[in-house]
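Colleague: Predicted structure and sequence below. I'll ask about it afterward.
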Amino acid sequence: MEISTGSSMSEKKIPEDRETVIEIEHLCKRFGENVVLNDFNLKVYRNENVVVLGKSGAGKSVLIKCVIGLLKPDSGTIRVLGKNVPELDHEDLDKIRTKIGFLFQGNALYDSMTVRENLEFSLRRQWIKLPQTEVDALVKEALGNVSLPHTADMMPAELSGGMLKRIALARTLILKPEIILYDEPTTGLDPVTAREIDNLIIALQKKYHTASIIISHDMNCVKNTADRVVLLLDGKCYAEGTYRELEEAADENIKQFFE
Amino acid sequence: MARIPEFIKETGQVTRFTGRFFSTGLKPRFEVKELLAQCYFIGYQSLPLIGLTGFIMGLVLTMQLRPSLVSYGVESELPVMVGIAIVREIGPVITALIFAGKIGSSIGAELGSMKVTEQIDAMEVSGTNPFKYLVATRVLAATLMLPILTILSDAISLFGAYVGVNIRSVTSVRLFFTQVFDSLSFGDLAPAVIKTFFFGFAVGIVGCYKGYNSSKGTRGVGTSANTAVVLASVLIFIIDLLAVQLTDVLGLN
């Protein structure tokens, strides 16, 4: 795979045999005079981790919030599993959201609920008549996946930063999403815990065959988790390739991230 | 003068927020479990504070009124005067103000904190409508619980008044409450109870609006809680003024 820069580069690399789960075309989003995304294009395939790399304030979080429908783009299409998200009504948006997991930068665990209640919340709302035994089994499995089965009855305030991140990941996984959006999953964590989270992301992708968009400017996280790296610059997809390809690039805008 | 456009804009936003409550908050699926939990928190857990302030209010009002009535030689009318004052005006308004202080700030701070820590966004991406789950339940609980709390507060206030009467004289419970209830009519009780539904709604909707639209980090949360109480308190007086005018027009005064 060769590095490509410019808005047309993603067109070069679409393998014929891979299923596209997210297809973003000509996405534009501005806040007042501040243009955050300007004709952004991206395709994400099943069973791949795409890392979106960019400076703080480049619009990385805005991008994934548009994908899940928390923000409405000014123009462009965002097809997730074949549905154009900005055009969906509330009911259809809720349906598509059950297939997308979102890991918030600050974890966003419900701090008035125990870990178990945090995990059960989404389940109970999506599958109202699910028997308690099945709910318990799913909670146990989700906590097992992140190696924290003993925390079920603890409150979020009792957990460390790394544990909170794992619990948030467990909550994201409990509905068995086909796509996971990670908003800076290793921010604020020590290098050892960050590496553990990276390994967890890879392990979960292998286990559930999810497609992921990972927002990060932690280069270790990018190196460990990325199948493909996309550099977001000036609201556009500036460059795209594997970690090694971008690392070896001569372009100054790309080099500054790898120095 | 510079704040007038801001005030108009905010009034419009509160109106739209209220409209959203009626258009989406009251449609199925109803969040019954959360509503009951909020009724417990907003209603039951407010009872000790409301009861204590109600008792003191009745006691103090009686002790303050007695010298004036004694000077006019109508001390025997003390239960009647206190009863009417508590049931018609002081009970509902003071209870609503205490309620605004406790519940308005609590809702504003809770939702504000949830907003700035992205918990509301997390709820939305999990396929839950946070407006229905968080706002509709709290507004409904506040609307339903304040009238009940007001009735209980009135009863405790009247008991405080009975204690106040008995500090300087001796009056039996039966005589005191017979005098109070004989002086009260439907026109005293009904408007007083009905307006508390509006007080409760105002406290709930303002607290939720301020919390739901909180921003600027922890300072924003504090501001939300504070302005929720101030705005709800002002609204309580405005609704009370309108209620008095309306009951006057209807001939219930």
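Modeller: That came through fine.

Colleague: Where does the prediction get shaky in the chain?
Modeller: If you meant another chain, say so; for now it's chain A. Where chain A drops to pLDDT under 70, the residues are A:1-17, A:127-128.

Colleague: that's the wrong chain, I wanted chain B
Modeller: Low-confidence segments of chain B, defined by pLDDT under 70, span residues B:1-2, B:253.

Colleague: Could you pull out the helices in it for me?
Modeller: B:4-20, B:32-42, B:47-72, B:78-85, B:91-99, B:105-116, B:119-125, B:130, B:137-168, B:173-183, B:186-212, B:217-249 (DSSP state H).

Colleague: wait, which of the ones you listed is closest to chain A?
Modeller: With Cβ to the nearest Cβ, the closest approach to chain A among the helices of chain B belongs to helix B:119-125: 3.8 Å. Backbone N, C-alpha and C define where each C-beta goes, glycine included.

Colleague: Pipe the helices of chain B into CSV and attach mean neighbour count and distance to A:Gly69 per row.
Modeller: Putting these into CSV (neighbours: other Cβ atoms under 10 Å in any protein chain shown; distance: least, Cβ to Cβ, whole Å) gives the following:
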stretch, mean neighbour count, distance to A:Gly69
helix B:4-20, 12, 18
helix B:32-42, 16, 23
helix B:47-72, 17, 41
helix B:78-85, 22, 54
helix B:91-99, 24, 37
helix B:105-116, 24, 18
helix B:119-125, 23, 8
helix B:130, 19, 13
helix B:137-168, 22, 23
helix B:173-183, 15, 58
helix B:186-212, 23, 18
helix B:217-249, 17, 24
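
Colleague: okay, these in CSV with distance to chain A next?
Modeller: As requested, these are arranged in CSV below (distance: least, Cβ to the nearest Cβ, whole Å):
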stretch, distance to chain A
helix B:4-20, 12
helix B:32-42, 9
helix B:47-72, 21
helix B:78-85, 40
helix B:91-99, 21
helix B:105-116, 8
helix B:119-125, 4
helix B:130, 11
helix B:137-168, 13
helix B:173-183, 42
helix B:186-212, 14
helix B:217-249, 12
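
Colleague: give the contact list for A:Ile167.
Modeller: A:Asn107, A:Leu109, A:Val115, A:Asn118, A:Leu119, A:Leu143, A:Val146, A:Leu148, A:Thr151, A:Pro156, A:Leu159 (Cβ atoms under 8 Å, 6 or more residues apart in numbering or on different chains).

Colleague: OK, contacts around residue 212?
Modeller: Looking at chain A here, since you left the chain open. Taking Cβ under 8 Å, 6+ apart, one finds A:Val44, A:Glu48, A:Asn49, A:Val50, A:Ile179, A:Ile180, A:Leu181, A:Tyr182, A:Ile201, A:Gln205, A:Thr225 in contact with A:Ser212.

Colleague: The intended chain is chain B.
Modeller: By Cβ under 8 Å, 6+ apart, the contact set of B:Tyr212 is B:Phe17, B:Leu111, B:Lys115, B:Ile120, B:Phe131, B:Leu134, B:Val135.

Colleague: one step back: mind checking which of the helices of chain B is nearest A:Gly82?
Modeller: helix B:119-125 (19.2 Å; Cβ to Cβ).

Colleague: Mind listing residues that contact the closest one?
Modeller: A:65, A:68, A:70, A:97, A:100, A:102, A:104, A:108-111, A:121, B:111, B:113-114, B:130, B:133-134, B:212.

Colleague: make it 7 Å
Modeller: A:Ile68, A:Leu70, A:Arg97, A:Phe102, A:Phe104, A:Ala108, A:Tyr110, B:Met114, B:Pro130, B:Tyr133 (Cβ atoms under 7 Å, 6 or more residues apart in numbering or on different chains).

Colleague: neighbours of A:Thr210, just the number please.
Modeller: 23 (other Cβ atoms under 10 Å in any protein chain shown).

Colleague: From chain B, how far out is it?
Modeller: Using Cβ to the nearest Cβ, to the nearest Å, A:Thr210 is found at 15 Å from chain B.

Colleague: Now that residue: closest residue in space that isn't a chain neighbour?
Modeller: With sequence-adjacent residues excluded and distances taken as Cβ to Cβ, 6 or more residues apart in numbering or on different chains, A:Thr210 is closest to A:Ile180, at 5.1 Å.

Colleague: Wait, a helix at that neighbour?
Modeller: No. According to DSSP: H, G, I helix; E, B strand; the rest coil, A:Ile180 belongs to no helix; its state is strand.

Colleague: before we move on, the earlier item: which one among the contacts of A:Ile167 gets closest to B:Phe159?
Modeller: A:Pro156 (43.4 Å).

Colleague: need the contact list for the closest residue to that closest one other than its chain neighbours.
Modeller: Of all residues not flanking A:Pro156 in the chain, A:Leu109 sits nearest, at 4.4 Å (Cβ to Cβ, 6+ apart). Applying Cβ under 7 Å, 6+ apart to A:Leu109 gives the contacts A:Asn118, A:Pro156, A:Leu164, A:Ile167, A:Ala168.

Colleague: Would you list the phi and psi of A:Leu109?
Modeller: Main-chain torsions, A:Leu109, degrees, to the nearest 10: phi -70, psi 150.

Colleague: Can you tell me the closest non-neighbouring residue to B:Asp182?
Modeller: B:Val80 (7.9 Å).

Colleague: show me what contacts the one you found?
Modeller: B:Gln179, B:Val180, B:Ser183.

Colleague: Which one of those is nearest to B:Ala228?
Modeller: Nearest member of those to B:Ala228, counting by Cβ to Cβ, is B:Val180, at 35.0 Å.

Colleague: how near is that closest one to B:Gly83?
Modeller: Noted for B:Val180: a distance of 3 Å to B:Gly83, by Cβ to Cβ, to the nearest Å.

Colleague: Give the residues shared as contacts by the two.
Modeller: With Cβ under 7 Å, 6+ apart as the test, B:Val180 and B:Gly83 both reach B:Leu158.

Colleague: At the geometric centre of the chain, which residue sits there?
Modeller: Picking chain A for this. A:Leu181 (1.6 Å; Cα atoms, centre = their mean).

Colleague: The chain in question should be chain B.
Modeller: Taking Cα atoms, centre = their mean, chain B has its central residue at B:Ala96, 2.6 Å away.

Colleague: which ones are touching it?
Modeller: B:Leu146, B:Thr196, B:Phe199, B:Ile236.

Colleague: thought the residue nearest to the centre of chain A was touching A:Ile213?
Modeller: Yes. Between A:Leu181 and A:Ile213 a contact is recorded at 5.2 Å, counting by Cβ atoms under 7 Å.

Colleague: Which neighbours do these two have in common?
Modeller: With Cβ under 7 Å, 6+ apart as the test, A:Leu181 and A:Ile213 both reach A:Ile64, A:Val67.
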